[in-house]
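> requesting a structural model of the entry that follows:
(chains A and B)
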Amino acid sequence: MVDEEFSTGESFIHGLDPRIKIIVAVLFSVVVAVLSNFVSLLVALFLSLILVVLARLSMKRVFYRLFLVNGLILFLWIFLPFTYQGETWFDIGPLVATKEGLLYASQITVKCNAILLTMIALLATTPIFTLGHAMSQLCFPDKITHLFLFTYRYIHVIFQEYHRLVNAMRIRGFIPHTNIHTYRSYAYLVGMLLVRSYDRAERIHKAMICRGFNGRYYTLVQFSIKMRDVFYLSLMLIAILGLVILQWKVTL
Amino acid sequence: MESNTLIVNLKDISFSYSGGKPVLEHLNFQLRRGDRIGLIGPNGSGKTTLFYVIVGLLRPSSGRIDLFGKPAIEERDFREARKRIGLLFQDPDDQLFSPTVLEDVAFGPLNLGKSPEEAREIAAKTLARLGLSGFENRITYKLSGGEKRLVSLATVLAMDPEVLLLDEPTNGLDEATEGKITDILNGLDLTYVFISHNLDFLCKTTDKIYAVVDGKISIYEQLVPHTHIHAHRFGRLPHEHRSKLMELDPEEISD
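Below you'll find the model as predicted:
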């Protein structure tokens, strides 16, 4: 279900303190999201590419992931130029494409890919439960951290439950068609999954109470920041600051 | 003197799920130190409910619960008792919620106030005791059914309970894993109650078998000599039948 294909590796990025990776990834995403000129955006994209190369990930797999997201962005390219107000670029009958729309669509594309590549290089290279623990150590609210860890743990169980239900339907000759019987059966399936998940959540809570759970979640994992972590953190912070300055300078 | 050995004392307990018909009706149940009890009964007869009532996950509509000689009324009373009573759930996926085996086994000890180092050590020891050394960093949802069951048993044993309540511990296990669990349980010097439909397993691990019928508990006759009428091929030839259930002490039968 969640195969975490990038989470194991030998590169120095894999070995960085996960807390640092989270801080950098969040900061980078926020800064890139508000950048508006192409020079700084392309630099950001270049930086994120360097991170992916440094993480020594399979480029084929990385581009496959990018491909999936860019499939969605394709729709922006279809709609944005025609719906944005501005200078005419070309027209097809009554449909007018604007230069501003085109620029906007390309801006979004560069931003998305830069953020995504950084996420892949920094976050996907950390096992999910390590991320969860790092989140709790960074003082993320307990509820978010628990939600994150529990989702990871139980998405697999719910997926299996889904498969059991689908198989139970199939074994009794269910073939999906475009009719009310199909829709109703799928509605039952979804409803049943919800009910079962709720029941399971109750049982898990009971099992936790039996083992002395009182709302506090203690963790075994302890991270320690090394000199190397501090060095790379400063390096990446400087790079992000550079992006901000670049944006500011070019606008001036 | 009696109250000293009495661990669980349920008096006149009634319970019904909201809107449903009563599951437990005026039930009495006593568990003494050293008892090894098996509980059988049809599906939906209230066996699991009985366990939940004992540890205070469900509150009875009437009746009185004494745990370790003290009346258990509020959540606080049950919370203390839960540290000494280990409950194993029917579905190991309900019990194992941490990403890794080590973290899950350490969860209980951490809640008991142990330091991370102590908890880690306890978890490793408990796993070793169950023959699960090397499982520490395995991902819980990727374990096989039998491994999940053994690990969830470890999560309960890691809290060093005085009493074990196990809900169908051998359900869905193959013979080898069932044999392993039987050996582990027989090697424990604990008071316990097992729910199981597996008579063979109960005969090997418990001294008394109770039945839950109509919301009440009745003692299952300990030994009922009986014969079976049966048929099979070559039945006319002189032969012998062997069954694990029949392996009882001759003395016990003569009683």
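> what's the neighbour count on the nearest residue to A:Val96 once chain neighbours are set aside?
Nearest residue to A:Val96, sequence neighbours excluded (Cβ to Cβ, 6 or more residues apart in numbering or on different chains): A:Thr88, at 5.5 Å. Glycine gets a C-beta too; all of them are placed from N, C-alpha and C. By the criterion of other Cβ atoms under 10 Å in any protein chain shown, A:Thr88 has 9 neighbours.
> isn't A:Thr88 right next to A:Thr98, touching?
Yes - with contact defined as Cβ atoms under 8 Å, A:Thr88 reaches A:Thr98; the gap is 6.3 Å.
> how about the secondary structure of B:Leu31?
What DSSP: H, G, I helix; E, B strand; the rest coil gives for B:Leu31 is strand.
> show the pLDDT at it.
B:Leu31 carries a pLDDT value of 93.
> OK, contacts around it?
Contact partners of B:Leu31, counting by Cβ atoms under 8 Å, 6 or more residues apart in numbering or on different chains, are B:Leu6, B:Ile7, B:Val8, B:Asn9, B:Ile37, B:Val163, B:Thr191, B:Val193.
> rerun at 6 Å
B:Ile7, B:Val8 (Cβ atoms under 6 Å, 6 or more residues apart in numbering or on different chains).
> and it, what are its bridge partners?
For B:Leu31, the beta-bridge partners are B:Val8 (DSSP bridges).
> which positions in the stretch 51-200 of chain B make contact with chain A?
B:55, B:57, B:82, B:87, B:89, B:93-95, B:97, B:99, B:103, B:106-108, B:110-112, B:116, B:120, B:141 (Cβ under 6 Å from any Cβ of the partner chain).
> quick one, which of those are buried?
Neighbour counting with 16 or more other Cβ atoms under 10 Å in any protein chain shown marks B:55, B:57, B:82, B:87, B:89, B:93-95, B:97, B:99, B:103, B:106-108, B:110-112, B:120, B:141 as buried within those.
> show the model's pLDDT score for the residue of chain A most remote from its centre.
Checked against the mean C-alpha position of chain A, the extreme residue using Cα atoms, centre = their mean is A:Gly93, at a distance of 39.7 Å. For A:Gly93, the model assigns a pLDDT of 79.
> which residue does the stretch 1-150 of chain A have closest to chain B?
When scored by Cβ to the nearest Cβ, the stretch 1-150 of chain A has A:Phe129 as its residue closest to chain B, at 3.6 Å.
> the residue lying closest to that residue once chain neighbours are set aside and A:Val221, how far apart?
Nearest residue to A:Phe129, sequence neighbours excluded (Cβ to Cβ, 6+ apart): B:Pro99, at 3.6 Å. Separation of B:Pro99 from A:Val221 (Cβ to Cβ, to the nearest Å): 10 Å.
> and A:Met169, by the same measure?
Counting by Cβ to Cβ - A:Met169 and A:Val221 are separated by 41 Å.
> also A:Gln107?
Separation of A:Gln107 from A:Val221 (Cβ to Cβ) stands at 39 Å.
> do B:Gly34 as well
B:Gly34 is 40 Å from A:Val221, by Cβ to Cβ.
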